[in-house]
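**Q** Build me a structure from this.
(chains A and B, ligands or ions: 2)
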Amino acid sequence: MTNGSPSESAISPGKPGQSTAVHVRDVTMDFGNGALAVSNASFELETGKFLTILGPSGSGKTTLLRMIAGFETPTSGEITVNGKPVDSAPPHRRSIGMVFQKLALFPHMTAAENIAFPLKMRRFNPKTIPGRVDEFLDLVKLGGYGNRRINELSGGQQQRVAIARALVFKPELLLLDEPLAALDVKLREEMQLEFRRIQHELGVTTINVTHDQREALVVSDDIIVMDGGRIQQHAKPVDLYRAPDNAFVAGFLGVASFINGHAVPGGLASGENFLSGTHAGDFADGTAVRGAVRAEQIRIAAEGGQLTACDTRLTGTVRDTIFEGERQLYVVATEEIPGITFRIYHHDPESFGLFEIGTRVMIGWNARDMKIFESRAS
Amino acid sequence: MPRDSEDRSFRYPLKWRIMDGLNAALDLLWPRRLGRYTGWALLTPALLLVGILVLGLFQIAENSLHTLDTSTFLPGEEYTLANYLIVAESPTYWRIIWRSLLGAGLTVFFTLLLALPYSYMMVRTNKAALRKTLLIVLFLPFFIGQVVRAYGILIVMGSSGAVNDALGLVGIEPIRLLFNFPAVVFGLVQYMLPFAVLMLAPALTAIPRETETAASSLGANWLKVFRHVILPMAKPGLVGAALVVGTLSLTDFAMPAMLGGGSQDFIANAIYDQFFRTADQGLGSALALLLVALGSVIAGVVIAFFGAGTLGMRGRK
Ligand SMILES: Nc1ncnc2c1ncn2[C@@H]1O[C@H](COP(=O)(O)OP(=O)(O)OP(=O)(O)O)[C@@H](O)[C@H]1O
Ligand SMILES: [Mg+2]
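**A** Ligands and ions are numbered 1, 2, ... in the order given. This is a model prediction of the structure:
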């Protein structure tokens, strides 16, 4: 990942997989209001890759992205794009396309004029501009909407204009701040795949910000999970899902249940009970830990049923059941571990609605299904 | 009793109860079912004021149709357009009209030129202290009034005023800065600046900073951002400010009178002369109507072409 000297990157910015497009070194942003918006963030992004920054609201995603764009100067740390510090050129000379969280379209122009704007500003051949604008209108499925004014477009259509406007001049780096947030689920999924396709086609290095974990998993080569201004984990989607570094990441991707306890060999102890699990890292027995089990990895059966395959078994009562279409969610309170409820997904349509609220059930999992992390001070 | 107050421990705050009382009183005075006339009732004072103005205009129109009988110094009996003919055939009046128009036009231009960066700075700065300073500097002269301000200009720019003293220090002979056309425009610009800034500031506040950032990330340098984003988006404010500044300058009396020294009359000064010096009401009225017509036509043309700007509020055009 770290090959390519600055000078080499500067010469061949367009070749994927060869050089570092974005290098963030120890970046901190302090707005002076108590908490650090971004704290000691470091990462590298290879040319042509698609990185998603994922995190809950207020975790510092926008701030980090704006610093990479060079619109905000970090309190400390350094950011280079294609080997050069971002702020070495004024904003209009950088080849960075950005879709802003609040879109920032030009209300006094039509959709087509908005998309033509960067082409005019960057002195593209005037003869090619109309054709190119149409091409990108089609790309974001807005063919025929070119003459609409911005206030005559729906929120989702506006968002797509913003995307086309940021892409049309083929920037070296594309920064997206939750560009799909206003779209309906179907269109969003379509656009996610579309993004993936466009990104592959144009080979443009992309950083996408979202709090939609599904979107992150679908479109990205790499994901960075942020919380409280800190990078929690930087990994490939599959690794992030399979091997979260800490309890926050485990809980943020997918649905999980958490059990606090003390580390014991082969699992954790919660009160009198031993629960089997896998330690993520080396820690001494007795360390305060937090175990996480994903909802789809907990088995559920009627009381006295067959959960012989599981090495941890608990008995409890169904407290709530939610039908989510392709799956059924059960919320179960157990006798062994009072004070917490387990969330369990059932994916077999045949047995949806099997357990009513109040039914006595048995739940269980295997050691590899529960990840055990060291409890953090926070 | 104490039990009772304990049961009803919750009491509405005093402010709410006062407001409720006021509401009840209002309901007695102006019953709810008259509600749909409330708007008209509130409009009435303004309509009355405008009505008085219109009555006055009719009176003036009637006056303008009688010439002054020089033997009796009273308006003549018969109706005639002679007053308008006098104006039309007099090179002096043409010059005055032309001067008023040019003066108003130049004042609009320079005022907007100065007000735009001023209000932009005021709206965009992150420093509260700078914003407040800009506001105070703007409004201090605003409170002083037109006449005193003109007098201040007379003192500072007079032949032995501070400006000429300063010029003298670098070896320049005293020059006549006052009692000419530029002096009048200078005074008007100075007078109009706060109005223009007041009208521009909301329009500029309405432009999100992010929109400018976006424009620069798309390849526009600051000049292009200004030309393609700020200027068109501030257009409503600019049009509104131009209308206000233009009409106020076109009809101004004090600046031409005081800084023009009698040689730089605008239409309002000519009207004043006819009414209060020559006592020729007919001619004065004709000039007054001409001014009303001129102002209305110009404002009408501007609104037709650019819309009423912030004066027209939300409506398009
Ligand atoms: N200009 C600013 N001045 C002061 N504080 C700010 C500023 N911008 C952001 N913050 C603070 O920094 C933190 C991170 O904000 P940021 O906008 O980066 O969050 P985010 O991850 O993008 O959230 P969301 O998903 O809601 O957009 C927040 O606590 C926010 O209040
Ligand atoms: Mg954000």
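
**Q** ok but residue A:80 is inside a strand, no?
**A** Yes - Residue A:80 forms part of a strand when assessed by DSSP: H, G, I helix; E, B strand; the rest coil.

**Q** The closest residue to it other than its chain neighbours: neighbour count?
**A** Leaving out its chain neighbours, the residue that sits closest to residue A:80 by Cβ to Cβ, 6 or more residues apart in numbering or on different chains is residue A:23, at 4.6 Å. For every residue, glycine as well, the C-beta is placed using N, CA and C. Using other Cβ atoms under 10 Å in any protein chain shown, residue A:23 has 20 neighbouring residues.

**Q** which stretches of the stretch 51-200 of chain A form helices?
**A** For the stretch 51-200 of chain A, the helices defined by DSSP state H, counting those that start in this stretch occupy A:61-69, A:111-121, A:129-139, A:155-167, A:185-202.

**Q** For the last one, which outside residues touch it?
**A** The contact list for helix A:185-202 (Cβ atoms under 8 Å, 6 or more residues apart in numbering or on different chains) reads A:50, A:139-140, A:156, A:160, A:163, A:167, A:170, A:174, A:180, A:183, A:206, A:208, A:212, A:215, A:218-219.

**Q** Quick one: list the elements packing against whatever helix or strand comes next after that helix.
**A** As assigned by DSSP states H and E, the chain's next helix or strand after helix A:185-202 is strand A:205-210. The criterion is 3 or more Cβ pairs under 8 Å, 6 or more residues apart in numbering or on different chains; DSSP states H and E, and the helices and strands that strand A:205-210 contacts are strand A:20-29, strand A:38-46, strand A:50-54, helix A:61-69, strand A:173-177, helix A:185-202, helix A:213-219.

**Q** Out of the helices of the stretch 51-200 of chain A, which gets nearest to ligand 1?
**A** Closest to ligand 1 of the helices of the stretch 51-200 of chain A, according to Cβ to the nearest ligand atom: helix A:61-69, at 3.1 Å.

**Q** Start and end of stretch A:26-37, how far apart?
**A** Start to finish, the residues bounding stretch A:26-37 are 13 Å apart (Cα to Cα, to the nearest Å).

**Q** Please apply the same query to stretch B:215-235.
**A** Start-to-end span of stretch B:215-235 (Cα to Cα) is 17 Å.

**Q** Contacts for that stretch next, please.
**A** By Cβ under 8 Å, 6+ apart, stretch B:215-235 touches A:69, A:71, A:90-92, A:94, A:96-98, A:106-108, A:117-118, A:121-122, A:165-166, A:169, B:116, B:120, B:200, B:203-204, B:206-207, B:211-212, B:238, B:306, B:309.

**Q** what about burial for the residues you listed, which qualify?
**A** In these, burial by neighbour count holds for A:69, A:71, A:91-92, A:94, A:96-98, A:106-108, A:117-118, A:121-122, A:165-166, A:169, B:116, B:120, B:200, B:203-204, B:207, B:211-212, B:238, B:306, B:309, counting by 16 or more other Cβ atoms under 10 Å in any protein chain shown.

**Q** Which of those fall within strands?
**A** Counting by DSSP state E, the part of those found in strands is A:96-98.

**Q** Assign whichever residue of the stretch 1-150 of chain B sits closest to ligand 1 to one of the three secondary structure states.
**A** Of all residues in the stretch 1-150 of chain B, residue B:126 sits closest to ligand 1, at 9.8 Å by Cβ to the nearest ligand atom. Of the three states, residue B:126 takes coil under three-state DSSP.

**Q** ok so, going back, how about the helices of the stretch 51-200 of chain A in JSON lines, adding mean pLDDT and distance to residue A:282?
**A** As requested, the helices of the stretch 51-200 of chain A are arranged in JSON lines below (pLDDT from 0 to 100; distance: least, Cβ to Cβ, whole Å):
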{"stretch": "helix A:61-69", "mean pLDDT": "94", "distance to residue A:282": "31"}
{"stretch": "helix A:111-121", "mean pLDDT": "96", "distance to residue A:282": "52"}
{"stretch": "helix A:129-139", "mean pLDDT": "93", "distance to residue A:282": "50"}
{"stretch": "helix A:155-167", "mean pLDDT": "90", "distance to residue A:282": "45"}
{"stretch": "helix A:185-202", "mean pLDDT": "82", "distance to residue A:282": "38"}
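
**Q** Out of these, flag the one nearest residue A:345.
**A** Shortest distance between residue A:345 and those, using Cβ to Cβ, is found for helix A:185-202: 18.7 Å.

**Q** Show me how far that closest one is from its chain's centre.
**A** Centre-to-centre, helix A:185-202 and its host chain are 15 Å apart (Cα atoms, centre = their mean, to the nearest Å).

**Q** May I see the buried residues of it?
**A** Buried residues in helix A:185-202 (16+ other Cβ under 10 Å): A:187-188, A:191-192, A:194-196, A:198-199.

**Q** One more: stretch B:106-114?
**A** B:106-108, B:110-112, B:114.

**Q** Which residue does chain B have closest to ligand 2?
**A** Taking Cβ to the ion, ligand 2 has its nearest neighbour within chain B at residue B:210, 11.9 Å off.

**Q** Now for that residue: which residues touch it?
**A** With contact set as Cβ under 8 Å, 6+ apart, residue B:210 has these partners: A:100, A:102, A:104.

**Q** Close to chain A: what parts of the stretch 101-250 of chain B are there?
**A** Within reach of chain A by Cβ under 8 Å from any Cβ of the partner chain, the stretch 101-250 of chain B has these residues: B:208, B:210-211, B:213-221, B:224, B:228-229, B:232-233, B:235.

**Q** Export stretch B:288-298 to CSV, keeping only CA atoms.
**A** Below are the C-alpha coordinates for stretch B:288-298, written out as CSV (Å, rounded to 0.1, in the frame of the first residue of the first chain):
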residue,chain,number,x,y,z
ALA,B,288,-43.5,67.9,-9.4
LEU,B,289,-45.7,65.8,-11.7
LEU,B,290,-42.8,65.4,-14.1
LEU,B,291,-40.6,64.1,-11.3
VAL,B,292,-43.3,61.6,-10.1
ALA,B,293,-43.7,60.4,-13.7
LEU,B,294,-40.0,60.1,-14.3
GLY,B,295,-39.4,58.2,-11.0
SER,B,296,-42.3,55.8,-11.7
VAL,B,297,-41.3,55.1,-15.2
ILE,B,298,-37.7,54.3,-14.3
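
**Q** So, low pLDDT: which residues of the stretch 1-150 of chain B?
**A** Within the stretch 1-150 of chain B, the stretches with pLDDT under 70 are B:1-8.

**Q** would you list every one of the strands in it?
**A** Assigned strands in the stretch 1-150 of chain B, in chain order: B:68-69, B:74-75 (criterion: DSSP state E, counting those that start in this stretch).

**Q** tell me the most buried of those?
**A** strand B:68-69 (a mean of 16; mean count of other Cβ atoms under 10 Å in any protein chain shown).

**Q** Now do that strand: which elements does it pack against?
**A** Applying 3+ Cβ pairs under 8 Å, 6+ apart, we find strand B:68-69 packed against strand B:74-75, helix B:281-306.

**Q** quick one: which of those is nearest residue B:266?
**A** Of all the helices and strands packed on strand B:68-69, it is helix B:281-306 that lies closest to residue B:266, at 9.2 Å by Cβ to Cβ.

**Q** so how far is that closest one from its chain's centroid?
**A** 15 Å.

**Q** swap in stretch B:151-163?
**A** Using Cα atoms, centre = their mean, the offset of stretch B:151-163 from its chain centre is 25 Å.

**Q** In PDB, list the C-alpha atoms belonging to it.
**A** Extracted in PDB, the C-alpha atoms of stretch B:151-163 (Å, rounded to 0.1, in the frame of the first residue of the first chain):
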ATOM      1  CA  TYR B 151     -22.600  70.500   6.700                       C
ATOM      2  CA  GLY B 152     -19.900  68.200   8.000                       C
ATOM      3  CA  ILE B 153     -18.800  67.600   4.400                       C
ATOM      4  CA  LEU B 154     -18.800  71.400   3.900                       C
ATOM      5  CA  ILE B 155     -16.400  71.900   6.800                       C
ATOM      6  CA  VAL B 156     -14.100  69.000   6.000                       C
ATOM      7  CA  MET B 157     -13.900  69.600   2.200                       C
ATOM      8  CA  GLY B 158     -14.000  73.400   2.300                       C
ATOM      9  CA  SER B 159     -11.100  75.500   1.000                       C
ATOM     10  CA  SER B 160      -9.500  75.600   4.500                       C
ATOM     11  CA  GLY B 161     -10.900  72.200   5.500                       C
ATOM     12  CA  ALA B 162      -9.000  69.100   6.600                       C
ATOM     13  CA  VAL B 163      -8.800  67.600   3.100                       C
END
